[in-house]
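Visitor: Give me coordinates for this.
(one chain, ligands or ions: 1)
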Amino acid sequence: MDKLEIHHKLSNGQFYCGDQSDESRKQFYFDDFKICPKCQSKEIIEENYQAGIRLSRSYDAYGTDVFKCNNCQWYTSFHYDEGGDSEYYYEPRWKKGWIEEKKIYEENKKKEVEEQNNK
Ligand SMILES: [Zn+2]
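Guide: A predicted model of the protein is given here:
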């Protein structure tokens, strides 16, 4: 990965970089980190920056994952913690309703596909 523009480094070694707007990151999360919210490309590169290991909690690693679009150079970062269960693997900020919104998004997408198939 070429030079990251780090916006904010936290005391535990995790950091924020790239596009941190809720709009882009939410869409990216809704599409399972597979589609660039800016150019719709599926050429996403993921880089892991482990910040540490929680000795108290069965050696769960935590850190930052950076996702970058190979087509338009858009990138963003998400914090992760192996100590979270699968839905909460990334960022506590998702507890603010992102997980529920994603379920609705996926339901609607499924309905769209079904409607297409019924035509
Ligand atoms: Zn892109």
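
Visitor: Counting by contacts, list what the lengthiest helix in the chain packs against.
Guide: The longest helix of the chain (DSSP state H) is helix 98-118. Helix 98-118 sits against helix 22-30, with contacts defined as 3 or more CB pairs under 8 Å, 6 or more residues apart in numbering; DSSP states H and E. C-betas here are computed from N, CA, C, even on glycine.

Visitor: ok, then the element right after the lowest-mean-pLDDT helix or strand in the chain?
Guide: One helix or strand of the chain scores below all others by mean pLDDT, DSSP states H and E: strand 6-9, with a mean of 90. Next in sequence after strand 6-9, counting helices and strands by DSSP states H and E, comes strand 15-17.

Visitor: Give the rounded mean pLDDT of that following strand.
Guide: Average pLDDT, strand 15-17: 95.

Visitor: partners of it in the sheet?
Guide: Looking at strand 15-17 with DSSP bridges, its partner strands are strand 6-9 (antiparallel).

Visitor: Quick one: name the residues of the chain near the ion.
Guide: Contact residues, the chain versus the ion (CB under 5 Å from the ion): 36, 38-39, 41, 69, 71-72, 74.

Visitor: Compare those and tell me which is most surrounded.
Guide: The residue in these with the most neighbours, by other CB atoms under 10 Å, is C36 (25 neighbours).

Visitor: Quick check: nearest residue in space to it, chain neighbours excluded?
Guide: C69 (3.8 Å; CB to CB, 6 or more residues apart in numbering).

Visitor: Show the contacting residues for the one you found.
Guide: Contact partners of C69, counting by CB atoms under 8 Å, 6 or more residues apart in numbering, are 36, 38-39, 41, 43-45, 75.

Visitor: What is the nearest of these to Y16?
Guide: Closest to Y16 out of the contacts of C69 is Y75 (11.3 Å), distances taken as CB to CB.
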